[in-house]
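**Student:** generate coordinates for the sequence data below:
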Amino acid sequence: MEQTVQEILNIVHIKKPVFDYMMNSTPENMKEWYTNFMIRLSEGGKVPMPLMDVQVVSVGENKVKNMVASDLYPRYEDKEGKIWIPLYTDRAEIGEEYKDKKVVEVPISDIIKAAYVNKSINGVLINPKKFDFPLHKETLEAMIVEEKSYGKDWANALDAITGNGF
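**Tutor:** A predicted model of the protein is given here:
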């Protein structure tokens, strides 16, 4: 299975910095993973996501009224019974239980926002089963608030370095 450009960027900017932080939890490594994650988020980065089967049983006034975006994403239940939406950096991280599901590239921001607004979800887990690296609601909120400023700051910094505009 050949990796997509999005997956390669995710491995470099999410998977590796998170792994480094998990191996050595220093303030520098924390800043490194968060900054890299925010860059991927703000530049419209996408991750592979198996889509769940959803049936709309009510058509009419209440059609799709109670369905939210997070209903399309798989759930991961941890040992404490908490429910999370997984964020897979690449297709190799997706578990065998989803091998028959259609996998599409989904914007990271969609997953972050879906997990944040759904009260029954505790947050996002990066690469569950291998990393189990949690992004709790407080972190998701900060990411949502900072997303646009990171994008602008990152674009300005890149423009200053390269001399190119976006």
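
**Student:** can you tell me the element Gly81 falls in?
**Tutor:** Assigned by DSSP states H and E, Gly81 belongs to neither a helix nor a strand.

**Student:** mind checking pLDDT for it?
**Tutor:** In this model, Gly81 is scored at 94, pLDDT.

**Student:** state the distance from it to Glu138.
**Tutor:** Look at Gly81 and Glu138: by C-beta to C-beta, to the nearest Å, they are 20 Å apart. To be clear about C-beta, it is placed using only N, CA and C from the backbone, and glycine gets the same treatment.

**Student:** comparing these two, which shows the higher neighbour count?
**Tutor:** Of the pair Gly81 and Glu138, Glu138 is the one with more neighbours under other C-beta atoms under 10 Å, namely 10 against 7.

**Student:** so for whichever strand or helix holds that one, mean pLDDT?
**Tutor:** In the assignment (DSSP H and E), Glu138 maps to helix 137-162. In this model, helix 137-162 carries a mean pLDDT of 70.

**Student:** cool, stretch 50-58 as well?
**Tutor:** 65.

**Student:** same check on stretch 116-131?
**Tutor:** 92.

**Student:** mind listing what's buried along it?
**Tutor:** Neighbour counts using 16 or more other C-beta atoms under 10 Å place Tyr116, Asn118, Ile121, Asn122, Gly123, Val124, Leu125, Ile126, Asn127, Pro128, Phe131 of stretch 116-131 among the buried residues.

**Student:** just the helices in this structure please.
**Tutor:** 5-10, 16-23, 27-42, 108-117, 137-162 (DSSP state H).

**Student:** so which of the ones you listed is the most surrounded?
**Tutor:** helix 108-117 (a mean of 20; mean count of other C-beta atoms under 10 Å).

**Student:** contact partners for Val106?
**Tutor:** By C-beta atoms under 8 Å, 6 or more residues apart in numbering, the residues touching Val106 are Lys46, Val47, Pro48, Met49, Tyr73.

**Student:** which ones among those map onto strands?
**Tutor:** Of these, the ones assigned to strands by DSSP state E are Lys46, Val47, Pro48, Met49.

**Student:** need those residues in JSON lines with distance to Ile112, can you?
**Tutor:** Shown next, in JSON lines, are these (distance: C-beta to C-beta, whole Å):
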{"residue": "Lys46", "distance to Ile112": "12"}
{"residue": "Val47", "distance to Ile112": "11"}
{"residue": "Pro48", "distance to Ile112": "16"}
{"residue": "Met49", "distance to Ile112": "12"}
